[in-house]
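**Student:** Please find the sequence and the predicted model below.
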Amino acid sequence: MGILVTRPEESGQALTAMLNQEGIAAIHLPLCKITKGAQLDQFPKKLQQLNPFDKVICVSQYAVYYAQQVLQNTGFTWRSDLAYMAVGRKTAMLLSEATQQPVSYPFLHESSEGLLNLPLLKNCQDYQILILRGQSGRELLSEQLAKRGAKIEQLACYHRDWQKLDNGELTIFSRAGIDTIIVTSGEILWYLLDFIPKSEHNWLLNCKLLVVSKRIAQLAMQSGWQEDKIILTEKADNLSLLKTILSFYPHLRDKY
């Protein structure tokens, strides 16, 4: 069993190292690089324009990282009179550390859908909600919260810069024993389908896909993967991904 880790940057490197340490063959192929978003410099001003008890939502760890960076560079700080929310546990931990405030997140279902089910967002009429996200992210949060009467502002804190890989670099994995691919976003799934040559799609669609949300699983099935080839992790963090992979190995499954 060989695993292709497509998670970008440090998180992908860390997961690959964790797998290799367990004796599992894994290759890191970051398909995108995370860079500063076009609207990031507007964040300090947007934060100050919020009213007390308004809400700030961070959709990912990258949103927290870049927002914190621009505040530090400009001499501003996170406000203590706002309600902070995050899509997942790791993002919530980072946001809480940055703001020194409690952060709400959907611990049962770490997704935008799970976040929308939290009581704090059930009645948000007339609140301003600032969503810190990536460029060209999902519109579900903004659309649903606007329907509930909230005044929505979205800020692109980071950008995914997709890497150009030659055909030889992409096709070598089918000949290197790779039979499992970790996919942590819908964009990564589309990249694989678009940039891996059609001649290699038989291999690609026969690979197991380890995905982090039901939405990505549904996209994979619509794109040609059989349901029994798609494995959904409990959560999106590296430890959850590792535990799911170790469950394939009887002698390692109870280690974590």
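**Tutor:** Okay, I see it.

**Student:** all contacts plus neighbour counts: C-alpha atoms, from now on.
**Tutor:** Noted.

**Student:** buried sites along stretch 196-211?
**Tutor:** Buried residues in stretch 196-211, defined by neighbour count with 16 or more other C-alpha atoms under 10 Å: 196, 200-201, 204-205, 207-211.

**Student:** Now the terminal residues of that stretch, how far apart.
**Tutor:** End-to-end span of stretch 196-211 (C-alpha to C-alpha, to the nearest Å): 19 Å.

**Student:** What mean pLDDT does that stretch get?
**Tutor:** For stretch 196-211, mean pLDDT rounds to 88.

**Student:** Mind listing residues that contact it?
**Tutor:** When contacts are defined by C-alpha atoms under 8 Å, 6 or more residues apart in numbering, stretch 196-211 is touched by residues 167, 170-171, 174, 178-185, 193, 217, 224-226, 229-233, 241.

**Student:** Could you list every helix and strand that the helix or strand where residue 63 lies packs against?
**Tutor:** Using DSSP states H and E, residue 63 sits in helix 61-74. Packing contacts for helix 61-74, counted by 3 or more C-alpha pairs under 8 Å, 6 or more residues apart in numbering; DSSP states H and E, involve helix 43-49, helix 89-99, strand 128-134, strand 151-162.

**Student:** Which strands and helices lie in contact with the longest one?
**Tutor:** For strand 151-162, the packing partners by 3+ C-alpha pairs under 8 Å, 6+ apart come out as strand 32-36, helix 61-74, strand 128-134, helix 140-147.

**Student:** worst average pLDDT in those?
**Tutor:** strand 32-36 (a mean of 88).

**Student:** distance between that one and the chain's centre?
**Tutor:** 13 Å (C-alpha atoms, centre = their mean, to the nearest Å).

**Student:** In its sheet, which strands sit next to it, and in what direction?
**Tutor:** strand 151-162 (antiparallel) (DSSP bridges).

**Student:** neighbouring contacts of the partner strand?
**Tutor:** Strand 151-162 has contacts (C-alpha under 8 Å, 6+ apart) with 31-40, 43, 62-63, 66-67, 125-135, 142, 145-146.

**Student:** Flag the helix or strand of the protein with the lowest per-element mean pLDDT.
**Tutor:** Counting by mean pLDDT, DSSP states H and E, the weakest-scoring helix or strand in the chain turns out to be helix 167-171, with a mean of 62.

**Student:** so what strands line up beside the very next helix or strand once past that helix?
**Tutor:** Per DSSP H and E, helix 167-171 leads on to strand 178-183 as the next helix or strand towards the C-terminus. Strand 178-183 pairs in its sheet with strand 2-5 (parallel), strand 208-211 (parallel), by DSSP bridges.
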